[in-house]
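Asker: 3D model of this:
(chains A and B)
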Amino acid sequence: MMLRALLRRWTYLALLATLAAALVGMLVLAPGAFADAFTPESRGSQNAIDIDTLYKITLYIGIVIFVGVEGTLLYSLIKYRARRGGPEAEQIHGNTPLEIGWTIGAALILVVLTVVTFLYLPDIENPPASGPNGLRAEQARFASIDQPDPPRSGGPYLTIKVNGQQYLWRYDYAGGDQLFSYYEMVVPTDTTVVLEVTASDVIHSWWIPDLGGKVDGVPGLVNETWFKIPAGKEGVYEGQCAELCGAGHADMRAQVRAVTPDEFEDWARQTRRDIQESGELLAEQRERGEGAEGQ
Amino acid sequence: MEAGSRLERRIARPEVTLHGIQTPPRGWLSWLTTTDHKKIGILYIATAFVFLIIGGVEALIMRLQLAQPDNTLVSPETYNGLVTMHGTTMVFLFIIPLIAGFGNYLVPLMIGARDMAFPKLNALSYWLTLFGGVAFYSSLFFEPPQAGWTMYAPLSDDLYSPSGGVDAWIFLIHLTGLSSLAGAINFVATIHNMRAPGMSWGRMPLFVWTILVFSYLLIAALPSVAAAVTMLLTDRHFGTSFFDATGGGDPMLWQHLFWFFGHPEVYIMVLPAFGMISEILPVFARKPIFGYKAIAAATVAIAFLGMLVWAHHMFTTPTATVVLAFFMLASFTIAVPTGIKIFNWIATLWRGSIVFKTPLYFAAALPALFVIGGISGVQLAIFPVDWQLHDTYFVVAHFHYTIFGGGVFGYFAGLYYWFPKVTGRLLSEALGKWSFWLMFVGFNLTFFIQHSAGLSGMPRRVYDYSSDLDVTGYNLVSTIGAFILGVGVFITAVNIVISLRKGKRAGNDPWKGNTLEWFTTSPPPANNFDVIPRVRSVEPMKDIRREVALASKAPETSAQPVAPRGV
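Answerer: Below you'll find the predicted structure:
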């Protein structure tokens, strides 16, 4: 009897110690790892940063709810465990004011979340104008995602048609002579880049975590998103396809290389020339090939 | 059933001519030919456990593959096959049959009926599910489907998935769908018409409430997926282009039809678990359920709202903002009734006298885990946030917290709670607690850290990942957790096998239960009840125990040291 009581006490102590250890562990690890382990990536574009902020707000509200619920649950489990000679269970059937109270409480939290979301939404959805150090465009165009009217943010921007195909991304730059690339998208900094995403075989999903949310490329439809990498944040941003698209899905990677507008124009000029040259070469080969086959 | 109807005949009719004696079949034939709801229930539950083990092994192979970056244990084709088989198995061949099994076994007993309304239809339901599973797993002999359990077109179309695996999957959906529809109609008919005298809607056990809502949800949601897979079949084989953009179809149609079923399916999978712990928590807290009406109403509200949120699975598709906003707000509203349930469960424990048996461990873990899935669910409902988190391991973590944490832990509670009723023997408490702690720790190790993997940019359904992504540590921990979880589940399987023969004798009412199934013997006779008591409250067994105590005038003895005295 004594032994059993002792064992039971040990079980509780062990349980409490484990929980305490887990909490302390989390707190110790938290400061360093917190930003990385508990929040989305947001190194590059403003929309990613806004999503990150919005996520953090929900996370903090969530942590309060989590601690409240788990704390009350653990407290009642430990405090009200059956004990020899302990108090009997109170035969309570319910409490209407309490029910109404927590219903309204839960609803209020959601109202707060709704308001916060709609406060952040415009900045996440609507691309801003390109900055003064951005790519000089021939003509000013209006960028808008899913809105019939030009938004508050006018200004030049770069449009790139993104096309997912098993298991590669193709990027067609709008305007001027033909300019396209695969896998690596080169973009100028401080310039708003609007992506028109589609796919030519199955559904793919374009996602560079540091540059904002993902958008599905659906065959037959065009989806839009944008990003804008600030000046001084030149570099490579990695991502990969986020919608199961077949055996090569895990290896369908993509990267965005941000360069200064001058570098971008150099790259575009060079690439256009390469494309034109290889096109001419191909046409030549074809002519010769067709001649040889005597068709 | 037989004895019951004979009894009725003896009372009601003057004479019955006997044309010959038919001995009931024995042995395995009795299982093949049975129309008894209890035997069908056991068949369902046993089948579900077999598929749990198969689906679990599939999950463990995936976790092994992901234990380190650039692993080459399985090929990408095999991995995609495992992804598809695991998801499909757990949803259609484990959880749904498990609920059908518990529902079959318990609903007639809980409402004081002698069988389901349509016993033969009931048997048909079971066999359709089994053969659906067999048809699906037959694809192992050619090529399993590899397009994920969501089977998104056009990936699942014949051009990109030419093998018959997708067709096997379509057969599975049709067969289990028919099974669930027939089963659901059977539950509805049974619950509406066959309740014991005095059992009004307000006195119906909460588990029966959830099975009723589960059935209505199935009836409302299944036709959509049945239509979708039929279109997929004709797209694949008969030249139509419902989902093929090049032929004028639209891949989005598949997603809408699939998720119109798929999201209610989530509530179909968890609501009965909510019902179970609403039965189990009060019994072990020695208290009435807190807010019976609120919990029943919340169940109905969740089901209704659950029909209106399907497109939150499609936030990254080309969709207008106003539509996204609608589905975000609709998804938010579900948090209210689910919150109400969680608060009521905790309030049920509050000021109770909680007896720590294995069913209580699993039942109390359910709100603890489900609240995590609920919080991440609200985060995912915010569509700009979803744009980052969609199709990552964050979502994998989220839905395992809801369906495993909020569902399977409840079903394990139910297993430990009702096993003595089904077999007449108790499951071992020691093994049960080992199983619980291993499952609880293993589950959290496996899935909590997957939030971080997703936040760091790891998409779901990838057979490998690069070490550059900084998710190696997360994945290793997750794999270790998965094996701990696996051992936990395995211990319960061992517990079942051992306790079937060697378990402690349970008696009719080992837990001092509240509902009518504890009124009959363990295991119950074929006709369930010789006498069906009149129901006067939501806790008829409490009333009966009180009456018996009064009648025998004996003081309550040490047999029930913690049972409530008086009112």
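Asker: residues in contact with the residue of chain A found nearest chain B?
Answerer: Residue of chain A nearest chain B, by C-beta to the nearest C-beta: residue A:213 (2.2 Å). Every C-beta, even on glycine, is put in place using the N, C-alpha and C of the backbone. For residue A:213, the contacting residues are A:47, A:48, A:51, A:124, A:207, A:225, B:316, B:384, B:386, B:387, B:388, B:390, by C-beta atoms under 8 Å, 6 or more residues apart in numbering or on different chains.
Asker: got it, and residue A:208?
Answerer: A:44, A:227, A:237, A:238, A:239, A:254, A:255, A:256.
Asker: Which among those count as buried?
Answerer: Neighbour-count burial (16 or more other C-beta atoms under 10 Å in any protein chain shown) is assigned, among the contacts of residue A:208, to A:44, A:227, A:237, A:238, A:239, A:254, A:256.
Asker: Looking at these, which gets the smallest pLDDT?
Answerer: In terms of pLDDT, the lowest of the buried ones among the contacts of residue A:208 is residue A:44, showing 77.
Asker: Quickly note the distance from the residue nearest to the spatial centre of chain A to residue A:124.
Answerer: Among the residues of chain A, residue A:213 comes closest to the average C-alpha position under C-alpha atoms, centre = their mean, at 3.2 Å. Per C-beta to C-beta, to the nearest Å, residue A:213 is found 8 Å from residue A:124.
Asker: Over to residue A:258?
Answerer: Between residue A:258 and residue A:124 the computed distance is 20 Å (C-beta to C-beta).
Asker: Can you identify each of the strands in the stretch 51-200 of chain A by residue range?
Answerer: A:158-165, A:168-173, A:180-182, A:184-188, A:192-199 (DSSP state E, counting those that start in this stretch).
Asker: which residues of the chain score low on pLDDT?
Answerer: Here I'm looking at chain A. Scanning chain A for pLDDT under 70 picks out A:1-36, A:136-156, A:290-295.
Asker: actually chain B
Answerer: Along chain B, the parts satisfying pLDDT under 70 run over B:1-18, B:554-567.
Asker: List the residues that contact residue B:279.
Answerer: Residue B:279 is in contact with B:205, B:206, B:207, B:417, B:513, B:514, B:515, counting by C-beta under 8 Å, 6+ apart.
Asker: what kind of secondary structure is the residue of chain A closest to chain B in?
Answerer: On the three-state scheme (DSSP: H, G, I helix; E, B strand; the rest coil), residue A:213 is labelled coil.
Asker: Need phi/psi at it.
Answerer: Per-residue torsions, residue A:213: phi -70, psi 170 (degrees, to the nearest 10).
Asker: try residue A:90
Answerer: Residue A:90 adopts backbone torsions of phi -80, psi 130, taken as degrees, to the nearest 10.
Asker: Over to residue A:226?
Answerer: Residue A:226 adopts backbone torsions of phi -150, psi 160, taken as degrees, to the nearest 10.
Asker: got it, and the one 5 residues further on?
Answerer: Its backbone dihedrals place residue A:231 at phi -60, psi 140, with angles given as degrees, to the nearest 10.
Asker: residues contacting it?
Answerer: Contact analysis of residue A:231 by C-beta under 8 Å, 6+ apart lists A:131, A:133, A:134, A:189, A:190, A:260.
Asker: change it to 6 Å
Answerer: Neighbouring residues of residue A:231 by C-beta atoms under 6 Å, 6 or more residues apart in numbering or on different chains: A:133, A:189, A:190.
Asker: neighbours around the residue of the stretch 151-300 of chain B found nearest chain A, how many?
Answerer: Closest to chain A within the stretch 151-300 of chain B is residue B:245: 2.8 Å, counting by C-beta to the nearest C-beta. With neighbours defined by other C-beta atoms under 10 Å in any protein chain shown, the count for residue B:245 comes to 19.
Asker: Which of the contacts of residue A:213 fall within helices?
Answerer: Under the assignment DSSP state H, the contacts of residue A:213 contribute A:47, A:48, A:51, A:124, B:384, B:386, B:387, B:388 to helices.
Asker: closest to residue B:354 among those residues?
Answerer: Distances from residue B:354 to those, taken as C-beta to C-beta, are shortest for residue B:386 (38.4 Å).
Asker: measure the residue nearest to the closest one when sequence neighbours are not counted to residue A:216 for me?
Answerer: Closest residue to residue B:386 apart from its sequence neighbours, by C-beta to C-beta, 6 or more residues apart in numbering or on different chains: residue B:315 at 4.4 Å. Taking C-beta to C-beta as the measure, residue B:315 falls 9 Å from residue A:216.
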